[in-house]
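[1] sequence first, then the predicted structure, then my questions.
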There are 2 protein chains.
Amino acid sequence: MKTSPIGIFDSGIGGLTVARQIVKLLPSESIIYLGDTARVPYGPRSKAVITKFAKELTNFLIKCNVKCLVVACNTISATCLDEIRKVSPVPVFGVVEPTIELAIKTTKTNKIGIIGTEGTIKSGTYVRKIHEINPKIEVDSAACPLFVPIAEEGLGAHKATELIAKDYLRDLKKSQIDTLILACTHYPLLSQVIQETMGAKVTLIDSAKPTAEKLKESLEERKLLSDKKAKYEFYVTDAPDRVFKVASRFFGKILNDNLKQVTLPTS
Amino acid sequence: MKTSPIGIFDSGIGGLTVARQIVKLLPSESIIYLGDTARVPYGPRSKAVITKFAKELTNFLIKCNVKCLVVACNTISATCLDEIRKVSPVPVFGVVEPTIELAIKTTKTNKIGIIGTEGTIKSGTYVRKIHEINPKIEVDSAACPLFVPIAEEGLGAHKATELIAKDYLRDLKKSQIDTLILACTHYPLLSQVIQETMGAKVTLIDSAKPTAEKLKESLEERKLLSDKKAKYEFYVTDAPDRVFKVASRFFGKILNDNLKQVTLPTS
């Protein structure tokens, strides 16, 4: 069990930002990454469909004998983590809890902002979980639906992105938050324009680092840390050229040699 | 057979622009529309995955006893129309051929431009089909990947869209085309910004009208025109709120009362 791989899945390749942090923090751990590039993005879809797709990804990784599952996707983590836990025989780590714990530690004014996909924001999960820990924290959130396609197109530095960011973040800027959660794995690629729009006083928090740290802590506790040489496997459900191009932007070139396309058994 | 419905399918709800023209031109025809909103967009996906998904949509409509199929999606029409024809027992109409016929009739300078999704442009189908009819026509094309999400977000009039359009259309503008094919069902929603960017001398051609006209002509020839009162059915593979909102932007409110969600049998 100790030497079994960590299973990481995402609606696409954005979760590679989380996988990269896990590899950095836990260099002896083998990982199997699965990205549903044939059906990405999940952000605009309904809870029923996101849950169905997420269970199919879960089943694939369970069959790979992973020792735990990391849901490296904010939309899935916010929408149906409990449903995944119900069908998984191994521990399941989402990105929401570690991220909000870090945000709560970071804020001094007790005013936190959240940006994410429509699915993530509409689920209300981030707000609810923050209030479970500290009901006094003021939380404001905004869906930024175009940020994912903009990040995938590599247009973070485009003047148009600046204008769209200004629109999306206008109300959050007025609300005087001091901490902003980037509740989508793609958004770190746009952190520069988001930081410039929000101003230097706002601290940006993304899910990659706190999720990797929480995972490390938990594997230590459970005595599940590996002592073997790590192996990396990457699976996607569709592999057009753009996936290779965008994936290496997220993870580096090592990935492309180990990327395979698979068809998921649908339920 | 005459009174059977016309089956229309699309990767999402963009194809409703085509369905609307069919309803307008053929008011006695019943239609069944199927949009794969659970897996939209198809534009960035590989040919293999687009073909697999398109066959699943075809099978669903064939089982509804349609008298013909309209592929109201440029990406599918450009990528795998022949494969769909192979599995369909009824006539299959794509959007590519009627659209280029109209463009060829329209151009005076014999210089035509094409804009579409990455899948459509990469397939090279539009260019090839134009050259089959007239090899002397100069054709320039550009993929505009952000136009679909921008149209879905209703941001056609946003200043950012203007800047992105300028970037995408820069080379086409230099190439002095007089006719521009909007080879994606979403793009008519952005026709104003596209027209302003290209200048008044360029004629924009979209697929809806020529496809509906070709269909009418062909049903007349085959003596397949209906003489019964029309019925409309709309199916989608996912129906979050946004689908209703965006669909009524494409088709009008009548649609929402007749919209049902279905799960496709996958192959």
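    Ah, there it is.
[2] which of the three states applies to the residue nearest to residue A:210 when sequence neighbours are not counted?
    Residue nearest to residue A:210 in three dimensions, not counting chain neighbours: residue A:98, with 3.8 Å by Cβ to Cβ, 6 or more residues apart in numbering or on different chains. Where C-beta positions appear, they are placed from N, C-alpha and C, glycine not excepted. Counting by DSSP: H, G, I helix; E, B strand; the rest coil, the backbone at residue A:98 sits in helix.
[3] just the pLDDT for residue A:98.
    Per-residue pLDDT puts residue A:98 at 98.
[4] thought it was touching residue A:208?
    No. Using Cβ atoms under 8 Å, residue A:98 is not in contact with residue A:208, being 9.8 Å away.
[5] neighbour count winner among the two?
    Set residue A:98 next to residue A:208 and count neighbours by other Cβ atoms under 10 Å in any protein chain shown: residue A:208 wins out with 24 against 21.
[6] return the residues in contact with that one.
    Counting by Cβ atoms under 8 Å, 6 or more residues apart in numbering or on different chains, residue A:208 makes contact with A:17-18, A:20-21, A:185, A:188.
[7] same thing but 6 Å
    The contact partners of residue A:208, by Cβ atoms under 6 Å, 6 or more residues apart in numbering or on different chains, come to A:17-18, A:21.
[8] which of those residues lies closest to residue B:129?
    Proximity of the contacts of residue A:208 to residue B:129 (Cβ to Cβ) peaks at residue A:17, which lies at 41.1 Å.
[9] and the strands in the stretch 151-267 of chain A?
    A:179-183, A:203-206, A:232-236, A:259-261 (DSSP state E, counting those that start in this stretch).
[10] list the strands paired with the last one, with their directions.
    Think strand A:259-261. Its sheet considered, strand A:259-261 pairs with strand A:232-236 (parallel) by DSSP bridges.
[11] contact partners of the partner strand?
    For strand A:232-236, the external contacting residues (Cβ under 6 Å, 6+ apart) are A:31-35, A:37, A:243, A:255, A:258-262.
[12] can you list the residues of the stretch 1-150 of chain A near chain B?
    Within the stretch 1-150 of chain A, the positions adjacent to chain B are A:38-39, A:44-46, A:49, A:145-146, A:149 by Cβ under 6 Å from any Cβ of the partner chain.
[13] if you rank those residues by neighbours, which is first?
    That'd be residue A:45 among those, by other Cβ under 10 Å, with 29 neighbours.
[14] now it. Nearest residue, chain neighbours left out?
    Using Cβ to Cβ, 6+ apart and skipping residues adjacent in sequence, the residue nearest residue A:45 is residue B:238, 5.3 Å away.
[15] before we move on, back to that, and the contacts of residue A:208, which is closest to chain B?
    Distances from chain B to the contacts of residue A:208, taken as Cβ to the nearest Cβ, are shortest for residue A:17 (19.2 Å).
[16] next one: phi and psi at that closest one?
    The phi/psi pair for residue A:17 (degrees, to the nearest 10) reads phi -60, psi -30.
[17] could you check the pLDDT of it?
    Reported pLDDT for residue A:17: 91.
[18] residues in contact with it?
    Residues near residue A:17 by Cβ under 6 Å, 6+ apart: A:185, A:188, A:208, A:250.
[19] quick check: the last one touching residue A:16?
    Yes. Taking contacts as Cβ atoms under 6 Å, residue A:250 lies within contact range of residue A:16: 3.9 Å.
[20] which of these two has more residues huddled nearby?
    residue A:16 (26 against 23).
[21] ok, residue A:8 to residue A:185 distance?
    Distance of residue A:8 to residue A:185, given as Cβ to Cβ, to the nearest Å: 11 Å.
[22] those two - which one has more neighbours?
    residue A:185 (31 against 28).
[23] list the contacts of the more buried one.
    By Cβ under 6 Å, 6+ apart, the contact set of residue A:185 is A:14-15, A:17.
[24] now it: closest residue in space, sequence neighbours ignored.
    Using Cβ to Cβ, 6+ apart, the nearest residue to residue A:185 is residue A:14, at 3.4 Å.
[25] pretty sure the one you found contacts residue A:188?
    No. Using Cβ under 6 Å as the test, residue A:14 is too far from residue A:188 to be in contact (9.0 Å).
[26] the two: who's more crowded?
    When neighbours are counted by other Cβ under 10 Å, residue A:14 and residue A:188 differ, and residue A:14 comes out ahead with 27 against 21.
[27] now do that one against residue B:107, distance only.
    42 Å.
[28] ok, back up a step: what is the nearest of the contacts of residue A:208 to residue B:76?
    Nearest to residue B:76, judged by Cβ to Cβ, of the contacts of residue A:208 is residue A:17 at 31.8 Å.
[29] mind checking how far the closest one is from residue B:252?
    Going from residue A:17 to residue B:252 by Cβ to Cβ gives 42 Å.
[30] hang on, the earlier thing: where's the residue nearest to residue A:210 relative to residue A:18, distance?
    From residue A:98 to residue A:18 the distance is 10 Å (Cβ to Cβ).
[31] any low-confidence regions in the stretch 151-267 of chain A?
    A:253-254, A:256, A:265-267 (pLDDT under 70).
[32] next, the residue lying closest to residue A:252 once chain neighbours are set aside: secondary structure please.
    Sequence neighbours aside, residue A:20 is the residue nearest to residue A:252 in space, at 7.6 Å (criterion: Cβ to Cβ, 6+ apart). Under three-state DSSP, residue A:20 falls in the helix class.
[33] confidence score at residue A:20?
    Per the predicted model, pLDDT is 93 at residue A:20.
[34] okay, now it: neighbour count?
    Counted with other Cβ under 10 Å, the burial measure for residue A:20 works out to 16 neighbours.
[35] now residue A:229
    9.
[36] quick one: it and residue A:68, what's the gap?
    Distance, residue A:229 to residue A:68, by Cβ to Cβ: 19 Å.
[37] if we can go back for a sec, buried among the contacts of strand A:232-236? Need that as a selection in ChimeraX.
    This is how ChimeraX selects the buried members of the contacts of strand A:232-236, with burial counted by 16 or more other Cβ atoms under 10 Å in any protein chain shown:
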select /A:31,32,33,34,35,37,243,255,259,261
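[38] ok, the contacts of strand A:232-236 vs residue A:58, which is closest?
    Looking across the contacts of strand A:232-236 and measuring by Cβ to Cβ, the closest to residue A:58 is residue A:34, at 9.4 Å.
[39] that closest one and chain B: what is the separation?
    Distance, residue A:34 to chain B, by Cβ to the nearest Cβ, to the nearest Å: 16 Å.
[40] next one: residue A:136
    Distance, residue A:136 to chain B, by Cβ to the nearest Cβ: 31 Å.
[41] same question for residue A:110.
    32 Å.
[42] pretty sure that residue contacts residue A:137?
    Yes. Residue A:110 lies in contact with residue A:137 (Cβ under 6 Å); the separation is 4.9 Å.
[43] tell me which of these two has more neighbours.
    The residue with more neighbours, out of residue A:110 and residue A:137, is residue A:137; 18 against 14, by other Cβ under 10 Å.
[44] that one: what's it in contact with?
    Neighbours of residue A:137 in contact, by Cβ under 6 Å, 6+ apart: A:110, A:112, A:130.
[45] phi first, then psi, for it.
    Per degrees, to the nearest 10, the backbone of residue A:137 is at phi -70, psi 130.
[46] kindly report the same for residue A:72.
    Note on residue A:72: its backbone torsions stand at phi -90, psi 40 [degrees, to the nearest 10].
[47] which non-adjacent residue is nearest it?
    residue A:15 (3.1 Å).
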